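Colleague: Take a look and give me a structure for this.
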Amino acid sequence: MTRFYENYQRVLENVEKACNRVNRDISEITVVAVSKTFPVEVIKEAYEAGIRIFGENYAQELRDKSKFLKDYDISWHFIGRIQLNKLKYIVPVSDLIHSVSRLEELEKIDLLAEKFNKIQEILIQVNISGEETKSGLKPELIRDFIYKSKDFKNIRIVGLMTMAPFTDDEKIIRKVFSDLRKLRDDLIKDFPEIRHLSMGMSNDYQIAVEEGATILRIGTAIFGERKYDN
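Modeller: Purely as a prediction, here's the structure:
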């Protein structure tokens, strides 16, 4: 048993409890273990704990880790801010890119996906809270963005992503997640492929489950606190 097994199981138990509170099935939920800044050895330990889906925030870190762990059946998600010149490191290895919000990103992802002979699944990042410091499209721009994405043959938009404000006010957090779900529910009438909701992190994932999340991005609750280099 690895040191992360108990943490991971605790997260799954909490997810199941949240599902039970709102009559959902835990099979609807995907847990992405956010492994940014942690070394390959830590990911190997987490893999031994049963984790198969890992999320990275930095393109070159994703590239390097995926090379070292190429013999492991890991599904990589990219969840960080996108830099156009670094998409060449992201597209070859990412099963899902969570953080797309610009047409320039769609164009570049489409070209790279064609080069690597794949259909790249992506999520649109939505700035539900309206915070100036948050990335993402305004909700009223999402529909037009989806229509424009239809011009790109190697991209498939499969859902939406957002981040809640850093606050202890559960009502504020819950409203952000609820608003994203309502946006998805409106869009799915015309775009049935827009089904996923990536929302919820270590401090608020149970609320996210209660409000309809299908993908959780969990770092600290699995790996512990990060130590950043100065």
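Colleague: ok now do residue 11, which residues does it touch?
Modeller: 31, 205, 218, 221-222 (C-beta atoms under 8 Å, 6 or more residues apart in numbering). C-betas here are computed from N, CA, C, even on glycine.
Colleague: quick check, it in a strand?
Modeller: No - under DSSP: H, G, I helix; E, B strand; the rest coil, residue 11 sits outside any strand and is assigned helix.
Colleague: How is the residue nearest the centre of the chain assigned, secondary-structure-wise?
Modeller: The centre of the chain sits closest to residue 98, judged by C-alpha atoms, centre = their mean, with a distance of 4.6 Å. Applying three-state DSSP to residue 98 yields a three-state assignment of strand.
Colleague: pLDDT score assigned to it?
Modeller: Listed pLDDT for residue 98 reads 98.
Colleague: In contact with it, which residues?
Modeller: 55, 77-79, 122-123, 125, 161, 198, 215, 217 are the contacts of residue 98 under C-beta under 8 Å, 6+ apart.
Colleague: So which of the residues you listed wins on neighbours?
Modeller: Within the contacts of residue 98, most neighbours by other C-beta atoms under 10 Å means residue 198, with 29 neighbours.
Colleague: What's opposite that one in the beta bridge?
Modeller: Note on residue 198: beta-bridge partners by DSSP bridges are residue 161, residue 215.
Colleague: That one reaches residue 160, doesn't it?
Modeller: Yes - using C-beta atoms under 8 Å, residue 198 is in contact with residue 160, at 7.2 Å.
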